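**Q** Here is my input; please provide its structure:
(chains A, B, C and D, ligands or ions: 8)
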Protein chains: 4
Amino acid sequence: MRILLIGDIVGKTGRRLVREHLARLKRETPLDLVVANGENAAGGNGLTHDIMDELLSAGVHVLTSGNHIFDKKEIFQFIDDVPHLLRPLNLPPGTPGHGYVVVSPGGIPVVVVSLAGRAFMPFQYDDPFRTMDGLLSSLPEQSRIVVVDFHAETTSEKAALAWYLDGRVSIVVGTHTHVQTADERILPQGTAFLTDLGMTGPRDSVIGVQTELVIKKLTTQMPVRFETAHGAGQFGGLLVDVDPETGRSLQVERIFYRE
Amino acid sequence: MRILLIGDIVGKTGRRLVREHLARLKRETPLDLVVANGENAAGGNGLTHDIMDELLSAGVHVLTSGNHIFDKKEIFQFIDDVPHLLRPLNLPPGTPGHGYVVVSPGGIPVVVVSLAGRAFMPFQYDDPFRTMDGLLSSLPEQSRIVVVDFHAETTSEKAALAWYLDGRVSIVVGTHTHVQTADERILPQGTAFLTDLGMTGPRDSVIGVQTELVIKKLTTQMPVRFETAHGAGQFGGLLVDVDPETGRSLQVERIFYRE
Amino acid sequence: MRILLIGDIVGKTGRRLVREHLARLKRETPLDLVVANGENAAGGNGLTHDIMDELLSAGVHVLTSGNHIFDKKEIFQFIDDVPHLLRPLNLPPGTPGHGYVVVSPGGIPVVVVSLAGRAFMPFQYDDPFRTMDGLLSSLPEQSRIVVVDFHAETTSEKAALAWYLDGRVSIVVGTHTHVQTADERILPQGTAFLTDLGMTGPRDSVIGVQTELVIKKLTTQMPVRFETAHGAGQFGGLLVDVDPETGRSLQVERIFYRE
Amino acid sequence: MRILLIGDIVGKTGRRLVREHLARLKRETPLDLVVANGENAAGGNGLTHDIMDELLSAGVHVLTSGNHIFDKKEIFQFIDDVPHLLRPLNLPPGTPGHGYVVVSPGGIPVVVVSLAGRAFMPFQYDDPFRTMDGLLSSLPEQSRIVVVDFHAETTSEKAALAWYLDGRVSIVVGTHTHVQTADERILPQGTAFLTDLGMTGPRDSVIGVQTELVIKKLTTQMPVRFETAHGAGQFGGLLVDVDPETGRSLQVERIFYRE
Ligand SMILES: [Fe+2]
Ligand SMILES: [Fe+2]
Ligand SMILES: [Fe+2]
Ligand SMILES: [Fe+2]
Ligand SMILES: [Fe+2]
Ligand SMILES: [Fe+2]
Ligand SMILES: [Fe+2]
Ligand SMILES: [Fe+2]
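**A** Ligands and ions are numbered 1, 2, ... in the order given. I've put the predicted structure just below:
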């Protein structure tokens, strides 16, 4: 089973690149499942129903997210009803929406999880390690393929979770830093891991935001309203081949295009 | 001029990989200047005189550093006398050691700077933007080649500094996260940039530390003494060709070997 | 029922002041229950069995704690066996020791809880709000008196928890900042609240640490080993009268002595 | 010389209490100088020209501030022209407004400084210790009375600065936590010190914000828009008698009224 993972999609540029590169990739290789992080898809902050529809139409099957998931207020009107749009699983009980979903590309069950880290994050999430233990022990025996988008800041928390889950899930990919890391690998027990998928969004920017605004904020230490950059883009992702019998990852290929 | 940059060298494994890969790379290509971050070279924490000598003998010309530079107390005995070992420039006036050095590979002056970021760092550094403005305005006209190791946590602070310095320095590379990023490029005005060089150190680890110890800390939330991992290693770096006439970078090549 | 609460006891000076002032206070007024935070009792970091014994002998009935509880390694040898020494309740399941205890001064059950906050704390604790909901719903009907030591950094998290628990517990007192606040009051539903009890320890210090060392760290941004200060001391606490029938607090009196 | 210091004035309730209690205090005692922190005076966030006028008319002579100073955009239109409204001194060069002012109650020069801390603050300020060294060395000999509002989060940074400046300034008072501390004292060399003046604002609130909103944010970990509370208020301050000959503080009296 071939799974494509895409990191934080940022704004209009990010959505355009998802459209173009998903179409291209599908011509080149069969994609059984496409998972993308949509927390910045609506102009950098959150997600609307229209934009969710646009991304699902473009070929994304599951949208994960992170700290920006509730930025647009309209999300509360529909997030309970859209199982393929996920918010972090390790939010308090009672949080609107769903933290994981079971999809069945080609009839094979795949569990996709949106999870958030704790170090240096703007919200206080529950322990991601215990949350994953709880989820995994609740899944039926035949759920061998589990894909985790771990939305976290530090490399150490991401790597620790991946090693902790090695052999128990198929894939752990990080998101949130908006810069792709170069360390894709398959851990000894079969879990594919990449510290961060990076952003799919505007190329000439500071993690998606207009460069001048971030520089202004850091050099003046005054409040600056961030605006999403536009223009040329970049697309990043990770292609993983998973053995449907065992859930182990067999091969990883990192993708990074820059216009 | 061909410059090789190496990220945080972690422990004995990291030093072995520097030795082996520097020797190999020098057989393949001329290296005019080798800059490496040594803050974790002594068992993961700091640097001793012997280990500094070992790295300089292996072919490193300048050692930059970061938050771990003063972890080993013996450093205070010699850091003032070793111009090729740098501590972050943006520490308070009066801090032992030097924050930059001018070297002259092939008779061409190159300024190498060790600089630290402010977001989520364990120490409070002075404004890196203003520090660089001050340094650049103090340099003589003919110092066209400036290389900055920006030791910082967040992708946004690193990218903002690189764009801020674009056209004014030759190279900005990030260190500190211990994971190499995949976003090497030359910015529009000629500054080569990579968000993080990544660690040169033990491969099967959490950013150099034994995996079990980091997992123990994060799952128990109790004090855990970290120990550097051993065994197979990885080597990462960035090769940059700089035009000695203009100081602009002409070409970047990312290097990542895993044993 | 008259309950005395004492904040973080720091080092030898702190222990001396507890001894002296507990003796004095007991001569002045009957104390049904004495609760003190002992996380810094052993030279500023953690607690030993001898020091626990010393404080219990001095008249403390229950020792609460916080982020420093596991600093001294010998604590793991006995913490499971000493129900009157508490570690934060909202640590992961399986953490050694106990997070609350039921004591019975004069035959009336009183539940004492050690709880830790999440904002800016050096460890990642579970949600203190949900933890308290869980504990309170598990207590038998007759447990009307509940005392919470909330070890947290920010005034906002402490006040929010106190208001959240108003009417459901008898007392919420903060600890951890080592400076007593002046805002004692009884909230509308009967919960006594003080943002921070402050430190009982060396008077001429920076929250218990030798003044010069903290200044050195903040002005040099280099690693500095902190040592507990000695000499003249200060004692702080809160006296609360609780109605044993309803569990509501009837009166609060803040105590602050400086030698 | 008798100086009254007032902490963060929060919203309409805070302004009402300043009016009422300043009038009352002036009937009871001569006040040579009134300094108040105005960063939350306009509905909890920032300051407008009208509100500045209102507070100056009520009897405040100098308004200090902190991280909220630039929240209302209109401030940029007038802050350069109003020497008695201060923003933190340790912002970057070029920041609009002034960081200190020299006033002359009764013909005696008094330097009032607004300064911000670095630990856990939402902006990155320059080193407050070095900033004060620089300011003090630039002042003329006859400026013996210096008053510092140190807007900072942690008790340790505040105490360290006060001890660092002991004997060099007359008063160091902390602000920002919105809860008054009970530790007023005169340090050995004559500097009056209080860790935090506390808020003058709505009594039944979480540091000025509506209680339910803060609880909602902390229990749901979702974005919540904070609104300032109303109703009954509280007033807090510190009265200091300073010897105009030496600049040393002679006496401190903490003030805390709750409606
Ligand atoms: Fe994102
Ligand atoms: Fe994010
Ligand atoms: Fe490092
Ligand atoms: Fe580092
Ligand atoms: Fe403490
Ligand atoms: Fe503590
Ligand atoms: Fe404030
Ligand atoms: Fe503030």
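**Q** what helix or strand is residue A:76 on?
**A** helix A:75-78 (DSSP states H and E).
**Q** So what touches that helix?
**A** A:46, A:47, A:48, A:49, A:69, A:70, A:96, A:97 (CB atoms under 8 Å, 6 or more residues apart in numbering or on different chains). Every residue, glycine included, has its C-beta placed from N, CA and C.
**Q** Out of those residues, which comes closest to ligand 2?
**A** The shortest approach to ligand 2 among these belongs to residue A:69, at 9.0 Å (CB to the ion).
**Q** Scan the contacts of helix A:75-78 and report the most crowded one.
**A** The most neighbours of any of these, using other CB atoms under 10 Å in any protein chain shown, belong to residue A:69, which has 32 neighbours.
**Q** For that one, list the residues it contacts.
**A** Taking CB under 8 Å, 6+ apart as the test, what residue A:69 contacts is A:39, A:46, A:47, A:75, A:87, A:88, A:97.
**Q** Repeat that for residue A:170.
**A** For residue A:170, the contact set (CB under 8 Å, 6+ apart) comprises A:3, A:144-147, A:190-192, A:240, A:242, A:247-249.
**Q** so of the residues you listed, which ones are in strands?
**A** A:3, A:145, A:146, A:147, A:192, A:240, A:242, A:249 (DSSP state E).
**Q** Okay, and the beta partners of the second one?
**A** In this structure, residue A:145 bridges to residue A:110 when assessed by DSSP bridges.
**Q** Please apply the same query to the first one.
**A** Beta-bridge partners recorded for residue A:3 (DSSP bridges): residue A:33, residue A:240.
**Q** do the last one as well
**A** Beta-bridge pairing of residue A:249 under DSSP bridges involves residue A:242.
**Q** quick one, what contacts residue A:101?
**A** A:62, A:83, A:84, A:86, A:111, A:112.
**Q** Tell me how far the residue most central in space within chain A lies from residue C:115.
**A** With distances taken as CA atoms, centre = their mean, the residue of chain A nearest its centroid is residue A:37 (3.3 Å). Separation of residue A:37 from residue C:115 (CB to CB, to the nearest Å): 34 Å.
**Q** got the contact list for the residue lying farthest from the centre of chain A?
**A** Most distant from the centre of chain A: residue A:220, at 32.3 Å, with distances by CA atoms, centre = their mean. Taking CB under 8 Å, 6+ apart, we find residue A:220 in contact with D:91, D:92, D:94, D:95.
**Q** Quick check on the closest residue to the first one other than its chain neighbours: phi, psi?
**A** What it means is residue D:91. Distances taken as CB to CB, 6 or more residues apart in numbering or on different chains place residue A:221 nearest to residue D:91, at 5.8 Å, with adjacent residues excluded. Here is the backbone geometry of residue A:221 (degrees, to the nearest 10): phi 50, psi 40.
**Q** shouldn't residue A:221 be in contact with residue D:122?
**A** No. Here residue A:221 does not reach residue D:122: they are 9.5 Å apart, not a contact under CB atoms under 8 Å.
**Q** Who has more neighbours out of these two?
**A** Shown here are residue A:221 and residue D:122; by other CB under 10 Å, residue A:221 has more neighbours (23 against 10).
**Q** in the stretch 101-250 of chain A, what residue is nearest ligand 2?
**A** Closest point on the stretch 101-250 of chain A to ligand 2, by CB to the ion, is residue A:176, at 4.0 Å.
**Q** ok, back up a step: what residues sit buried inside the helix holding residue A:76?
**A** residue A:75 (16 or more other CB atoms under 10 Å in any protein chain shown).
**Q** one step back: surely the residue of the stretch 101-250 of chain A closest to ligand 2 and residue A:197 touch.
**A** No. Using CB under 8 Å as the test, residue A:176 is too far from residue A:197 to be in contact (9.6 Å).
**Q** Identify the contacts common to those two.
**A** Joint contacts of residue A:176 and residue A:197 (CB under 8 Å, 6+ apart) are residue A:8.
**Q** Mind listing what's buried along the helix or strand where residue A:134 lies?
**A** Here residue A:134, judged by DSSP H and E, is contained in helix A:128-138. Buried residues in helix A:128-138, counted by 16+ other CB under 10 Å: A:128, A:129, A:131, A:132, A:135.
**Q** all helices in the stretch 101-250 of chain A, in order from the N-terminus.
**A** Under the criterion DSSP state H, counting those that start in this stretch, the stretch 101-250 of chain A carries helices at the ranges A:128-138, A:155-165, A:211-220.
**Q** Pass me the low-pLDDT residue ranges in the stretch 101-250 of chain A, would you?
**A** The model of the stretch 101-250 of chain A has no residue with pLDDT under 70.
**Q** want to throw the contacts of helix A:75-78 into TSV with distance to residue A:20?
**A** What follows is those, written out as TSV (distance: CB to CB, whole Å):
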residue	distance to residue A:20
A:46	23
A:47	20
A:48	21
A:49	23
A:69	25
A:70	29
A:96	32
A:97	29
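**Q** What is the nearest of these to residue B:139?
**A** The shortest approach to residue B:139 among the contacts of helix A:75-78 belongs to residue A:46, at 44.9 Å (CB to CB).
**Q** For residue B:12, state which of the contacts of residue A:69 is nearest.
**A** residue A:88 (38.6 Å).
**Q** What is the burial count for the residue of chain A found nearest ligand 8?
**A** Nearest residue of chain A to ligand 8: residue A:223, at 13.1 Å (CB to the ion). Summarising burial for residue A:223: neighbours were counted as other CB under 10 Å, giving 15.
**Q** I'd say it and residue D:68 touch.
**A** No. Taking CB under 8 Å as the definition, residue A:223 is not a contact partner of residue D:68, at 9.3 Å.
**Q** Just list what the longest helix anywhere in chain A packs against, helices and strands only.
**A** For chain A, the helix reaching the highest residue count under DSSP state H is reported as helix A:11-28. When contacts are defined as 3 or more CB pairs under 8 Å, 6 or more residues apart in numbering or on different chains; DSSP states H and E, helix A:11-28 packs onto strand A:2-6, helix A:49-57, strand A:201-202, strand A:233-242, strand A:249-258.
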